[in-house]
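> what would the 3D arrangement of this be:
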Amino acid sequence: MRATARMLSGFLLVMLSGCAGCPYSFTGASVPPHLKTIAVPIAEDQSGYGDPTLRDLFSSQLAQRFINDNTLQSTDRASADALLEGVILAVNDAPIVVQAGELVARRRITVSVRMRFQDLKLRKQMWEKEFSNWGDYASGGGLTQRNDGIAEAVRKLTEDILNETVAGW
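Coordinates of the predicted model:
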């Protein structure tokens, strides 16, 4: 039993000590110290969804997430230490609750994006990933209800992307 405890303690010590010469920390606590600013340009919309405001909504909410989080300061691309670029890949709108008589009561709108995070200081791509999230809305409410579903999907997406960027170390 003691040998197992010592072995486990030694393993944890090695795992927690990390790589002293590595430029990145893998503790999940914060971004590397040399990254202070980030640029978040307007995302490209390849979804074919047809809402001209979607890319602006997504991009502005993502940039606002970084401003509110205050881990990385938002700036323009020319002076940024890091760059977070995105492409809206798809927007799917599907029924999720069907009542008697095949009447759709609720719908789910799912937004999928591909994001790329680059360390401009070290000229290195840190990650490229696809994210997808959803928002539900009541059918029959028209554009207002659907826009509420999109807003919820974008809120969840931007939260996921922020977390991956600042805490994914």
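
> show me the contacts for Ser104.
No Ser there; residue 104 is Val. 95, 97-98, 139 (CB atoms under 8 Å, 6 or more residues apart in numbering). Where you see a C-beta, it was placed from the backbone N, CA and C, and this is true even at glycine.

> likewise Val154?
Residues 57-58, 61, 111, 135 are the ones in contact with Val154 under the rule CB under 8 Å, 6+ apart.

> quick one: which of those residues sit in helices?
57-58, 61 (DSSP state H).

> on the three-state scheme, the residue nearest the centre of the chain is what?
The residue lying closest to the centre of the chain (CA atoms, centre = their mean) is Ile161, at 1.3 Å. Assigned with DSSP: H, G, I helix; E, B strand; the rest coil, Ile161 falls in the helix class.

> may I see the buried residues of the host helix or strand of Leu157?
Using DSSP states H and E, Leu157 maps to helix 142-167. Under the neighbour-count criterion of 16 or more other CB atoms under 10 Å, helix 142-167 has 145-150, 152-154, 156-162, 164-166 buried.

> contacting residues for the closest residue to Ala138 other than its chain neighbours?
Once flanking residues are discounted, Ala138 sits nearest to Gln145: 5.3 Å by CB to CB, 6 or more residues apart in numbering. Listed by CB under 8 Å, 6+ apart, the contact set of Gln145 reads 137-139.
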